[in-house]
Every structure is written in structure tokens, then in C-alpha cells.
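>>> I need the structure of the sequence given here:
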Amino acid sequence: MERPGDEYDDRTVPLLEPKQHAHGEGSNSKQEEDEEEEVASLGRRLVEENKKLWVVAGPSICARFSTFGVTVISQAFIGHIGATELAGFALVSTVLMRFSASILLGMASALETLCGQSYGAKQYHMLGIYLQRSWIVLFCCAVLLLPLYLFTTPLLIILGQDPKIAAMASTISLWYIPVMISSVGNFTLQMYLQAQSKNMIVTYLAMLNLGLHLFLSWLLTVKFHLGLAGVMGSMVIAYWIPVFGQLAFVFFGGCPLTWTGFSSAAFTELGAIVKLSLSSGVMLCVELWYNTILVLFTGYMKNSEIALDALSICLNINGWEMMISVGVRVANELGARSARRAKFAIFNVVTTSFSIGFMLFVLFLIFRERLAYIFTESKVVADAVAELSPLLAFSILLNSVQPVLSGVAVGSGWQSVVAYVNVASYYLIGIPIGAILGYVLGFQVKGIWIGMLFGTLVQTIVLLFITLRTDWENQVCYFLTVFLIFFIKSLNPYSMWVSLDFSHLVMCFIISR
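Have a look, this model is predicted:
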């Protein structure tokens, strides 16, 4: 016999279960909506960050590809003039010009840090002052580098290079003097404009410049038969056009917030700029001189002319892929007090750059020696390039990450730390291993390149570890502290009372509020 309550229970249980089920559906639905919103939010952040990245990096990549393309076009035309001319050009462009350009570019990268953080902190007037200070420092540095170009032959002979190639390099190096001096304006103006995301003008000038150089090189060498002088004359013109174009853009209203005219403040606090520039310069120099030493070692080998030709072609192809600079994104976000966005910017750019590097890795494995015929008609040189192609492909893959991490270091102001990492990775690990493989074990150019790759791999791992372990909140405090000191001293150069430790505490307190 059923109890009266049993019937009630039977009736209510089905009513309760759907109620619970409905509540469960609501929870699941809410959770799914939250997940969908989180995915959508991540998608929006990726789109937003990529827009910011490519606004800065897109024009910069085009400009640097085009600027580097001037050297590649020159090498291609000179390679068809003669093997000795190509070897001489390789020595000047890869040893002398790389040596001096790395100093100038490294010192100019201090401007990338200062301008990026000043723009993020909305201290716009300081960008113009920093630009003028960098002009003074870099021009003095360029004057000190002139003897390298005036005494090229004895210098290269002392370094053990072939006298015939050294004599040809001496002729080419004189043409490179105006090219080297143009780098002072080119590097600093690009950093200044890039910090404001106004570097589209650089892209337009660079693309125009590349087409003009190609036309002039063809006209002067093929039609007028001026040979080496025709190519080098065209190259000098090509390097100065962007300088005059960028100056006109800045002086005549292109940057009204950040350029207010020449200022006597540019001659104050030069010591601080020199100090930061030297830190930046050392960081980049030890990195770029690594390839210079690779070329010098190659010049000591048998058949050095062929080895130099093949190696210079591979290094120039590799250089196309490395022309990406993204430090300004990190600097902007740190200056704007956004540690979270700085971390997200790093993740996004490393992923993007690695994807590009992987595509190029596959591309160069497929084409191998066929790329060499752009630069030379010699089958011997093309075969040598084919042998180096697998190493070139792996270099491209590795260099898709390493320069980006170096760019993060520049944007974050870690120049001194990275300089130590570079010295240890390249000169204590990479070069000794390359020398042993190349000379002792008889692997020749391949052995030297394997050593170079190993050093780069060690550097990449260390930089990645540093980036992952960085406390970005504290990094924001530190950079705002440094910026505060720079700003106060720019207003009053005699304000030596500013304490870094005290200012750091004040900034951390302000941010925490």
C-alpha cells in the first residue's frame, strides 16, 4: 500500500530533476559563453597587437629590405664584372662597412630605446632633443672611423688577406666613405620616425630608391660600360636619397609634436647619451662582427676568392631575412606603463617572426644553388653556395628568433646584459668551435659556419631564458625611473641630486596605486 507522501514524492522528483538540469544547463551555457568571450577577446588582442606591430615593423621591414637590397643589387652587378671585384666588394661590405655600420647602428639603437619610451610616456618634445644629441655623437664617431677606409690595403694585408683582393678592396672602400657617413642620418632618422609609427615615409623613399638604383646600375654598367665606378656611383646616390627625404619630412611639418626646431639642449647631457650609445653599440658590434670574423677566417683558406664569393652571397641572402626590428613595440608599452601588453607584444612578435623564418627555411632548402646565379655566372661559386645551402637554411630559421629577442633587449634597455651574453656565446663558444672544425678537422667554410650557428643557438637560448624570467612589472618601474632622471636632468643639467634608488621606489609606489 502506498503512503500518501509517496505519490507526492514521485510527482515532485521529476519536477526537481528538470529544475536541476535546467540550472546545470545554465551553468554550462554561462561557462561556454565565458570561454567564447575569452577566445574572442584573445582574437581581438591578437588583431590589435598585430596592427600595432605591422604599423611599426611593416614599413621598417620594407625600408630595411630595400636599403639592404641596394647592397645586394650592387653585389649582383659587380659579380658579373669579375671574381676579383666581387671578392673585394665582399671584403669591404662585409668587413669594413659591417664593422663601422655595426658601431653606428648599435649607437643609434640607444635612440630607439629613448624615443620609444619618451613617446609612450607622452614626453614628445624630448624625441627631437634626443635625435639631435645622437647626430652629434654619431657624426663624431663616423669621423673616427675614416682611417679604416683610407688605409684599406695595408690593413687587409696585415689581417692576412690576398694582396690582389686587398688592392681591389682599397679602390672600393673610397666609394664607401660617403655611404658610411650617410648611415649617421639614415639610422637615427629611422629610429626617430619608427618610435612615432611615422615610418611610412621611410618605406616610400626606400622603394623609390631601390628602383632608381637598379635602373642607374643597369644604365651605367650595361649601357655606358662604366664598370665598377658606375655601380659604386649609383650606390652612393642610393644611400643619400633617403637621408635628404627624411630630413625634408621632419623639418617641414611631418612631426609637429616631436620636432620643434634645433635646440641648445642638444649639447647638454651628451655623456648620458654616449654611455647608453656605447652599451647599445657594444651589444650590436659583438653580434655583427661575428660574421666579419667568419669572412676573415674564410679569406685565409685555399681558393679564398671562391670561398669569399660563396660566403658573401650566403650572408647577403641571410641578411634579407634578418632585417626586422621590433624593439620599439616593447619600448612603447613600457613607456606607457603596460607590462601585460609588453609581454603580449613579445609573444606575438616571436611567433610571427618564427613563422616567417620557417617559410624561408623551406624556400631556401628547395632553391639551393639556383639563388647564387643572381649574383654570379661562375658555376664553381654556385656549387660552393649549394654546399652551404643547408647551413644557410638553418641560419635563417635560427635568425628568425634571435634578432627579435635582441630587439626586445633594445626596447627594454638590456644592452649591457646582452653584450656580455653575445661575447660569451660568440667569442668564447662559436668562434673557437668554428676554428677547430674549419682548420683542425678540415671542414673549411662549413666548419666555421657550424661554429657560428652553435654560438647563435647558445645566445638565443640564453636570451629566451632571460625574457621568460623577467619581472615586467618591475621593468616598468625601472624604466619610468630612468626616464624621470633623464627628464629632470634635461630640464636642469645640474640636478645631480636625483637618486636612482629613491626614484625607483617612488615610481613603484605610483604604479601600484
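>>> What is the least confident helix or strand in this structure?
helix 500-512 (a mean of 41; mean pLDDT, DSSP states H and E).
>>> where does residue 160 fall, helix, sheet strand or coil?
Using DSSP: H, G, I helix; E, B strand; the rest coil, the structure places residue 160 in coil.
>>> which residues in the stretch 151-300 of the chain form helices?
Here the stretch 151-300 of the chain has its helices, by DSSP state H, counting those that start in this stretch, at 152-158, 163-195, 200-218, 228-249, 270-299.
>>> CSV for these, including mean neighbour count, mean pLDDT and distance to residue 438?
C-beta coordinates here come from the backbone N, C-alpha and C atoms, glycine included. Output for the helices of the stretch 151-300 of the chain, formatted as CSV (neighbours: other CB atoms under 10 Å; pLDDT from 0 to 100; distance: least, CB to CB, whole Å):
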stretch, mean neighbour count, mean pLDDT, distance to residue 438
helix 152-158, 17, 91, 20
helix 163-195, 22, 92, 19
helix 200-218, 19, 88, 34
helix 228-249, 19, 93, 31
helix 270-299, 20, 71, 7
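>>> Take those helices and write them to CSV, including distance to residue 401.
Listed next are these as CSV, based on distance: least, CB to CB, whole Å:
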stretch, distance to residue 401
helix 152-158, 34
helix 163-195, 21
helix 200-218, 25
helix 228-249, 29
helix 270-299, 14
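>>> Not counting its neighbours along the chain, what's nearest residue 69?
residue 210 (5.0 Å; CB to CB, 6 or more residues apart in numbering).
>>> tell me the contacts of the residue lying closest to residue 138 once chain neighbours are set aside?
Spatially, and ignoring its direct neighbours in sequence, residue 138 is nearest to residue 184 (4.5 Å; CB to CB, 6+ apart). Applying CB atoms under 8 Å, 6 or more residues apart in numbering to residue 184 gives the contacts 104, 135, 138, 139, 142.
>>> how much space between the last one and residue 107?
Read it as residue 142. Using CB to CB, to the nearest Å, residue 142 is found at 10 Å from residue 107.
>>> Those two: which has the busier surroundings?
residue 107 (27 against 18; other CB atoms under 10 Å).
>>> gap between that one and residue 187?
8 Å.
>>> what do these two both touch?
Both residue 107 and residue 187 are contacted by residue 138, under the criterion CB under 8 Å, 6+ apart.
>>> still on that earlier bit, please indicate which of the contacts of residue 184 are buried?
With burial judged by 16 or more other CB atoms under 10 Å, the buried subset of these is 104, 135, 138, 142.
>>> quick check, nearest of these to residue 436?
Of all the buried ones among the contacts of residue 184, residue 436 sits closest to residue 104, with 32.9 Å by CB to CB.
>>> Looks like that closest one contacts residue 139 (just checking).
No. Residue 104 is beyond contact range of residue 139, at 9.7 Å (criterion: CB atoms under 8 Å).
>>> distance between the ends of stretch 254-263?
In stretch 254-263, first residue to last residue: 18 Å (CA to CA, to the nearest Å).
>>> Going by neighbour count, which residues of that stretch are buried?
Result for stretch 254-263 [16+ other CB under 10 Å]: buried residues 254, 255, 258, 259.
>>> ditto for stretch 381-399
Buried residues in stretch 381-399, counted by 16+ other CB under 10 Å: 381-382, 384-386, 388-389, 391-399.
>>> for stretch 350-363, same thing?
350, 352, 353, 354, 357, 360, 361.
>>> Quick check, the last one in contact with residue 393.
So the one you mean is residue 361. Yes. At 5.0 Å, residue 361 counts as touching residue 393 under the criterion of CB under 8 Å.
>>> Which elements pack onto the one helix or strand residue 452 maps to?
Per DSSP states H and E: residue 452 is located in helix 444-469. Using 3 or more CB pairs under 8 Å, 6 or more residues apart in numbering; DSSP states H and E, the elements in contact with helix 444-469 are helix 270-299, helix 304-322, helix 379-398, helix 402-412, helix 415-422, helix 431-435.
>>> right, and residue 153 touches residue 165 too?
No. The pair formed by residue 153 and residue 165 falls short of the contact definition of CB under 8 Å, at 10.0 Å.
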